[in-house]
Structure formats: C-alpha cells, structure tokens
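Asks: Kindly return the folded structure for what I paste below:
(chains A and B)
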Amino acid sequence: MVGTAHVYQIDIAATPEEVWRAITDSEWTKRYFHSTSFVEPPVAGAAYRTVLADGRDAVEGIIEEITPPRPGQSGRFVQTWHVLYDAALAAEPPGRVEWTVEGVGESLTRVRLVHGDLAYSPLTWAHVKDGWVWVIDALKTLLETGKSLPGPEVVRPSARRPRATGTGGRASRRTMRCTSCSTATVRRTRTRPGRRT
Amino acid sequence: MDAVFRALADPTRREILDALFAEDGQTVTQLAERFGEMTRFGVMKHLGVLEEADLVIPVRQGRTKRLYLNPVPIEQVANRWIRKYAARFTSALVGLDQHITTTREA
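Replies: Numbers count the residues shown, from 1 in each chain, chains lettered A, B, ... in the order given. Prediction:
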C-alpha cells in the first residue's frame, strides 16, 4: 500500500542556526541538494521556486511557515512541494515538506523531515522515498565535514568498462532518477518489495 | 550506531520494521494487531527500542500517534558497514573472472 507521508530524522553535529541556514539559504542548498537553489529567498506566505544548476525548474510551491530556531524553541520551515523536474510527477498534486530543526545538545541538532500529503501522488511518493535519504545524508556530511558528497553515480553506459560475463555487476545495480533533477543515476540494489519506480 | 544494531538484533523488531516498510504510518493499535500473540505492552517495549535507535519515528496527528520508518540510520549502517566490504568482495569476483577468462584465452 502506498502511504501518505515519509518521515526522516537525523542528528547533526552543528548548531540549529547552522542547520537552518543550510536548509533556507541557496548558497548552502546548492552544495548538498542536487545543486538546487531558491530563485528568490523564501518568504512566509509567498510562492517559491527552486532551480537546478542549469536553470531548469526543480520544485515550486508556497512557503507556509518560516520560524527560525531560537534557544528553547524548534525551527520550522514548511513548504508545499510541487515537483517540476519530471513531467509525470508534475502532473500530480503538490505535497507538503516540513523541516523541524531542534537543538538537542551542545552543537547537536535533530533534524526531522516530513514529506506528507502524498495520498494522491503515488509516483512522487515512490520517487522521493530514497531520494530524501541521500539529501539528508549530504546535508549532514556538508555540515559536519564541510564537504559536499559526490553526487550519485551518473549512468554513462559507454564509459563503463565491458565486463567479461556481462551479467554479474549489472544485476546488483539499478537505475533510478534523482529526486531533484531528472538525471538518471545508478545505485546498488537493495531488494525492495513493492517499489513502484 | 550501537543502538541501531541492538534494535536490529531482534526478530520481532525486524518484523515491525518490515510491517512499517510495507505500510508506513500505522498506529500502535494497527501494529499490535499484527502481533496477536504478543501483548500490546510487549509491542510497545519493542517500539521503545526502535525509537531509541531513531529507526521508528512517532508523529502525533491530533490524538493519534502514527509510527513511521526512518530509513536514514539503516542507510548510515549500510554506508559504513556493508558497502565497503561488499565492494571488495565484488571486485575480487570480477578479478577472478578476468583471470579465468585471460587464462583460457592464453
């Protein structure tokens, strides 16, 4: 059965303010979020749009809430999420992405991401499921090490060395699309019954 | 990461994760029904361990609490403890394969 939401949580060794900046400021999103950036700085109640590095549209929606974190209070960044980077996904209704940023210790921040309202967007539901894991992993890596994760490996069949058997490695990989751009990527397969991509 | 391995070491807890993987966002009552032989208290105890490891995230919606599978810690375990070794094994197999092919051709 297709669910209506995905939930992710991770602890990052950074202050809530640093995490907040990484989520809301294009200079940071570019470095971990598939090179996407906000066309205009996000404003509560206003429409927003993000674009890929080459200027193509990535995602659009409405910023529903911007509450920066303060001592003793979690930050919340809530936006509706209408995918533009893929025609089939763009035809589905928008979902809602909610970031919660909460200080849980000295320079330790708990980040929770809920991508909800996906009941009528089964393709988007299936598509972003693994994609967010990569984005969150890249966010943590950037804030903790200052380094961007190398992007998911891009498929270049011609660049691949031919294998002697032609099967072996092929079976352990699968092609998938990245969450924020339509670049096809290869990831190692984990058997996932019921995946719809 | 210790908490993740501890949580994954129990078959019932792995079954709970599988149940949430199949249908995310279940309530405790829905989950407890699947484990008919176990008391609700028993299921809650297992959920406590899974929540401690951040593998299951409870989200309140009004008066109901829904449980969601958080795949991030599993991805971290896979990155740190599985891919590294799997890659070596795969490259050893490819090496063996190439060795056999070239020996045959020679």
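
Asks: How about the contacts made by the spatially closest residue to residue A:84 that is not a sequence neighbour?
Replies: Using Cβ to Cβ, 6 or more residues apart in numbering or on different chains and skipping residues adjacent in sequence, the residue nearest residue A:84 is residue A:57, 3.9 Å away. The C-beta positions use only the backbone N, C-alpha and C, and glycine is treated the same way. Listed by Cβ atoms under 8 Å, 6 or more residues apart in numbering or on different chains, the contact set of residue A:57 reads A:49-51, A:84-85.

Asks: residue in chain A nearest to chain B?
Replies: residue A:7 (3.5 Å; Cβ to the nearest Cβ).

Asks: thinking residue A:47 is in contact with residue A:61, fair?
Replies: Yes. Using Cβ atoms under 8 Å, residue A:47 is in contact with residue A:61, at 7.2 Å.

Asks: Give me the more crowded residue out of these two.
Replies: More neighbours surround residue A:61 than the other of residue A:47 and residue A:61, with 21 against 14 (other Cβ atoms under 10 Å in any protein chain shown).

Asks: helix or strand right after the helix or strand hosting that one?
Replies: Here residue A:61 sits within strand A:57-67, counting by DSSP states H and E. Per DSSP H and E, the first helix or strand lying C-terminal to strand A:57-67 is strand A:75-83.

Asks: What residues are bridge-paired with the residue of chain A closest to chain B?
Replies: residue A:114 (DSSP bridges).

Asks: one step back: got the angle for the strand holding residue A:61 vs strand A:75-83?
Replies: For strand A:57-67 against strand A:75-83, the angle by axes from the mean of the first three to the mean of the last three Cα atoms, to 10 degrees is 160 degrees.

Asks: buried set for strand A:57-67?
Replies: A:57-63, A:66 (16 or more other Cβ atoms under 10 Å in any protein chain shown).

Asks: and those as JSON lines, adding pLDDT?
Replies: Shown next, in JSON lines, are the buried residues of strand A:57-67 (pLDDT from 0 to 100):
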{"residue": "A:57", "pLDDT": "96"}
{"residue": "A:58", "pLDDT": "96"}
{"residue": "A:59", "pLDDT": "97"}
{"residue": "A:60", "pLDDT": "97"}
{"residue": "A:61", "pLDDT": "97"}
{"residue": "A:62", "pLDDT": "98"}
{"residue": "A:63", "pLDDT": "98"}
{"residue": "A:66", "pLDDT": "97"}
